[in-house]
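1. Here you go, sequence then predicted model.
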Amino acid sequence: MTFKDLLHETYAALSGNKVRSGLTMLGIVIGISSVIAMVAIGQGAQSSIQSNIQSLGSNLLQVTPGASRNAGGFGVSSGRGSAHTLTLDDAGAIGSQVQGVAAVAPEASGRYQIAAKGTNTNTSVVGVTAAYASVRNVQIDTGSFISDQNDSSGAKVAVLGPTVVTDLFGDSAVPSDAVGQTIRINQLEFKVIGVTAAKGGSGFSNQDDMVYVPLTSAQRYLSGGKYVTAINVQATDAGSMAQAQSDITSLLLGRHHISDPTQADFSVLNQNDLISTVSSVTQTFTLLLAAIAGISLVVGGIGIMNMMLTTVTERTREIGLRKAIGATERDIIRQFLAEAVALTLIGGIIGVAIGVALSYGVTALGIVETSVSLPSVLLAFGVSALIGIVFGWYPARRAARMNPIEALRYE
Amino acid sequence: MIDIRGITKTYGSGDMAFQALKGISFGIADGEFVAIMGPSGSGKSTLMHILGCLDTPTSGSYRLDERDVSALSDDELAEIRKDKIGFVFQSFNLLPRTTVLRNVMLPLVYAGVGGDERSARAARALHAAGMQESHFTHRSNELSGGQVQRVAIARALVNEPSLILADEPTGNLDTRTGEVVLGTFQKLNEEHGSTIVLITHEPDVAEHAKRIIHLRDGRIVSDDASHAQRRAAL
């Protein structure tokens, strides 16, 4: 029996009962398409979260102050980040003494009321140096970012995030409307010199709802101290981050005269740790979704087996005839296995098409940017063929083992 | 060509054992047209299954074309059936919703005969069985009973088997159609020299053969070709 004959027989058998073949196939279609769509959505969510984290800057370490404890020694904590323990000198020391550091960008931030032309808003005002733009990956849309000269002169200039622009100048305001305008931060006038490009919100901190001013100006006019609220450190490459993190920790422990690392008045956050944590969470989630979809595949496979068993019983006489005219067990097994595999493969192809369409639909609706990966498509094909073989084997063998005499007599 | 010696067939074992064939011996030469007759329970179906290599005897020997086929495995028996035996069944057993041509080609599919030769041989067999060209592309469920049985005969012929075994081929047909089908067998036997074994319980049907073997309770009670001479004398 040639392959062409096998295809012909399979086509004749499956098209003989189109409704039943279609319904059986539907189980596989649903299983495969949901596996593809679920994995695509899971991977899409993972890469979108990762790119959000990466938009904060690449190879980023962030030093933040620890909790301030009051001098009385009763250990009343005001919460992490509240202590005024980090200074510009700490930032300078990190830049000059720690290996593998590409750039250091200290910041002094706070929330202030901001007003322009009768409208006002309350948002984060971040005092930054020129290095901040490259370290934290801030892109300028219009105008320019804070320069070192702005910083050293303590200029009262500001760079706005796109959200702030619309909050202050109306929903239809474009970035160029804001540049050159004067806004009031904490009752002091600042001139807008630039607007940043939109980054999109990530979690709780909206990167677009920010006002940047020179660090010196922030300290002089707004926070009124020489403290910084965070030091952003960019490592030269991903490989040197762990080393830089521990070097920064020991440098600052020394500078702050703390011998016990558990009593440190600051903490160093490593961006990679964050990414790997988030990745493992989303991977688990993707696996969970795929497992649920996988169950529906198994159910689909049982549907195939059910149909094949019915088919074998219905066609008992045909099997008897085929054996009588010389079909071997192998011929019969191949014929029924081919039917099962054809069902699952066609179901698999339709399932992949629907799964890909669903993924694009989810992307088009803007729910999450999905990505259908080639391995998941290949895996789906492999799995569907395998299901055909696994669930088709038993009915096919039953057909092949039939006694031709009894099969021919079957009513 | 067919040489059967001391064939027995026992079903079950111990107290439940039932001996369907109790030692049967006969020979059939090439080109014979033999009817095996007997009432139900006489063992003629069992004998047919053994002759058709669908089953093996409990004891005794069966030589088909000089080869002992009485103790072969299932797959070896399938090979023998494919090359040497053509079946015609009482209930036709054509594939439904399949064309006449395709039905007749089915044994060639398993025999590994190529596409062009396949349809040529199927057409030849259909002509020999008295089917008209215009019916070749009809589906099997669009034919009359007599046509269906002639398609089944063509299917049995297509592999040029040593032996055509017909099991009650007229059992599901009215008398007139049955006559046509039996005429087809006679024609095949006389014009093509096909060896035919017809299993039946109807004397009228058996009369069409040249030799009649009577079975009763698993034994041969008569084996005579005399009626053929009688018929020839008519």
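-> Structure received.
2. where does the stretch 151-300 of chain A dip in pLDDT?
-> A:200-205 (pLDDT under 70).
3. so where do the strands sit in it?
-> Assigned by DSSP state E, counting those that start in this stretch, the strands in the stretch 151-300 of chain A fall at A:157-160, A:182-185, A:188-196, A:201-202, A:205-206, A:210-214, A:230-235, A:266-270.
4. Give me the helices and strands touching the second one, please.
-> In other words, strand A:182-185. Judged by 3 or more C-beta pairs under 8 Å, 6 or more residues apart in numbering or on different chains; DSSP states H and E, strand A:182-185 is in contact with strand A:101-116, strand A:157-160, strand A:188-196, strand A:210-214. Backbone N, C-alpha and C define where each C-beta goes, glycine included.
5. Nearest to chain B, out of those strands?
-> strand A:188-196 (70.9 Å; C-beta to the nearest C-beta).
6. Tell me the gap between the lengthiest helix in chain A and the middle of its chain.
-> Using DSSP state H, we find that the single longest helix of chain A is helix A:271-314. Chain-centre distance of helix A:271-314: 20 Å, with C-alpha atoms, centre = their mean, to the nearest Å.
7. Most tightly packed of the strands of the stretch 151-300 of chain A?
-> Highest mean neighbour count among the strands of the stretch 151-300 of chain A (mean count of other C-beta atoms under 10 Å in any protein chain shown): strand A:157-160, with a mean of 28.
8. Partner strands of that one, with direction?
-> Here strand A:157-160 has these sheet partners by DSSP bridges: strand A:188-196 (parallel), strand A:210-214 (antiparallel).
9. Residue B:165: which of the strands of the stretch 151-300 of chain A is closest?
-> Between residue B:165 and the strands of the stretch 151-300 of chain A, the tightest spacing by C-beta to C-beta is seen for strand A:201-202, at 81.2 Å.
10. Give me the neighbour count for the residue lying closest to residue B:136 once chain neighbours are set aside.
-> In space, and not counting its chain neighbours, residue B:136 is closest to residue B:101: 4.7 Å by C-beta to C-beta, 6 or more residues apart in numbering or on different chains. Neighbourhood size, residue B:101 [other C-beta atoms under 10 Å in any protein chain shown]: 19.
11. can you tell me which helix or strand residue B:101 belongs to?
-> Element membership for residue B:101, per DSSP states H and E: helix B:100-111.
12. could you measure residue A:383 against residue B:25, distance?
-> To residue B:25, residue A:383 is 59 Å away according to C-beta to C-beta, to the nearest Å.
13. returning to what we had before: ok, and what's touching the helix holding residue B:101?
-> By C-beta atoms under 8 Å, 6 or more residues apart in numbering or on different chains, the residues outside helix B:100-111 that reach it are A:1, A:5, A:322, A:325-328, A:331, B:82-83, B:86, B:94-95, B:117-119, B:121-123, B:125-126, B:131, B:135-140, B:143, B:151, B:154-155, B:158-159.
14. how about TSV for the strands paired with strand A:157-160, with distance to residue A:109 added?
-> As requested, the strands paired with strand A:157-160 are arranged in TSV below (distance: least, C-beta to C-beta, whole Å):
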stretch	distance to residue A:109
strand A:188-196	15
strand A:210-214	9
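15. As CSV, could you dump the C-alpha coordinates of the helix holding residue B:101?
-> Once non-C-alpha atoms are left out, helix B:100-111 reads as follows in CSV (Å, rounded to 0.1, in the frame of the first residue of the first chain):
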residue,chain,number,x,y,z
VAL,B,100,-17.0,0.5,-8.7
LEU,B,101,-13.5,0.8,-10.1
ARG,B,102,-12.0,1.7,-6.8
ASN,B,103,-13.7,-1.3,-5.2
VAL,B,104,-12.3,-3.7,-7.7
MET,B,105,-8.8,-2.1,-7.4
LEU,B,106,-8.7,-2.7,-3.7
PRO,B,107,-6.9,-6.1,-3.8
LEU,B,108,-4.3,-4.6,-6.2
VAL,B,109,-3.7,-1.8,-3.6
TYR,B,110,-2.5,-4.4,-1.1
ALA,B,111,-0.7,-6.4,-3.8
